[in-house]
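>>> What follows is a predicted structure for the sequence shown.
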Amino acid sequence: MPRIADNGHGAPEHPRASQDRPPFGRIGIRERARMLDGPATIDNRPGARFTFTVALPLHAIQQGDVLS
């Protein structure tokens, strides 16, 4: 199961106004995982860590449904 974690700083709980824009990267990853019947979860602990986990079902991988 792919898991991506930061170096221990986490994402800010309240982004600054200059960074206040939709998180399209996270939205895109969640949409692609959903298309393959897999969940994508985010665990954010500001000042501690940020982890993004994606679980893809084996049938999607075996059938070659993985998106490129």
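Received it, and whenever you're ready, just let me know what you need.

>>> drop to CA atoms for contacts and neighbour counts, all remaining ones
Will do.

>>> Which elements pack onto the longest helix along the chain?
In the chain, assigned by DSSP state H, the helix with the most residues is helix 24-35. Secondary-structure packing of helix 24-35 (3 or more C-alpha pairs under 8 Å, 6 or more residues apart in numbering; DSSP states H and E): strand 40-45.

>>> rerun that using 10 Å as the cut-off
Here helix 24-35 touches strand 40-45, strand 49-54, going by 3 or more C-alpha pairs under 10 Å, 6 or more residues apart in numbering; DSSP states H and E.

>>> Name the residues of the last one that are buried.
For strand 49-54, a neighbour-count test (16 or more other C-alpha atoms under 10 Å) marks 50-52, 54 as buried.

>>> report the angle between the axes of that strand and strand 40-45?
Angle, strand 49-54 to strand 40-45, by axes from the mean of the first three to the mean of the last three C-alpha atoms, to 10 degrees: 170 degrees.

>>> Within the sheet, what are the partner strands of strand 49-54, with directions?
strand 3-5 (antiparallel), strand 40-45 (antiparallel) (DSSP bridges).

>>> Just send the ones you listed back as a markdown table, with distance to E31, mean neighbour count and mean pLDDT too.
A markdown table is the format used below for these (distance: least, C-alpha to C-alpha, whole Å; neighbours: other C-alpha atoms under 10 Å; pLDDT from 0 to 100):
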| stretch | distance to E31 | mean neighbour count | mean pLDDT |
| --- | --- | --- | --- |
| strand 3-5 | 16 | 13 | 70 |
| strand 40-45 | 9 | 16 | 84 |
